[in-house]
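In: Sequence plus the predicted model coming up.
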Amino acid sequence: MKAAWAIAGGLALGIGLAWWLSRDPAADQARRQRAEQAAAEQAVEARRDLYRWRDADGVLHVSDAPPPGVRAERVARQPQPGIEVHGDRE
């Protein structure tokens with residue numbers, strides 16, 4: 001029984017060593033860089049600006065596209081550091 005465990009352990013160790021020696025670090029690095037670039041592009045797209053405006057009835061609207069013919073305020077999704085206080089905003 002000990003011989004069977006020794007053979008199984010040797011095979012597992014040999015397979016692991018063969019895998020470790022056959023991997024290509026340059027391909028892994030290129031794959032990692034592509035994944036990071038794709039994640040960065042998705043993050044930029046996810047932070048698109050928002051626009052807010054009030055209609056004739058005074059209802060506040062928020063959208064990712066400004067309405068045609070209406071003055072809308074652009075609201076950046078990237079938060080500013082600290083707290084901003086404006087007494088003139090509604």
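Out: Nice, I can see it. Numbering: from 1, shown residues only.

In: so what's Leu50 closest to, chain neighbours aside?
Out: Val75 (4.5 Å; Cβ to Cβ, 6 or more residues apart in numbering). Just so you know, the C-beta spots here come from the backbone N, C-alpha and C atoms, and that holds for glycine as well.

In: which residues does that neighbour contact?
Out: Taking Cβ atoms under 8 Å, 6 or more residues apart in numbering, we find Val75 in contact with Asp49, Leu50, Tyr51, Arg52, Val62.

In: ok, it to Leu17 distance?
Out: Going from Val75 to Leu17 by Cβ to Cβ, to the nearest Å gives 56 Å.

In: per-residue confidence at Ala46?
Out: For Ala46, the model assigns a pLDDT of 68.

In: Can you name the element that comes right after the lowest-mean-pLDDT helix or strand in the chain?
Out: Confidence across the helices and strands of the chain bottoms out at helix 25-46, with a mean of 83, counting by mean pLDDT, DSSP states H and E. Sequence order places strand 50-54 as the next helix or strand after helix 25-46, per DSSP states H and E.

In: need the next SSE after that following strand, C-terminal direction.
Out: That would be, after strand 50-54 and using DSSP H and E, strand 60-63.
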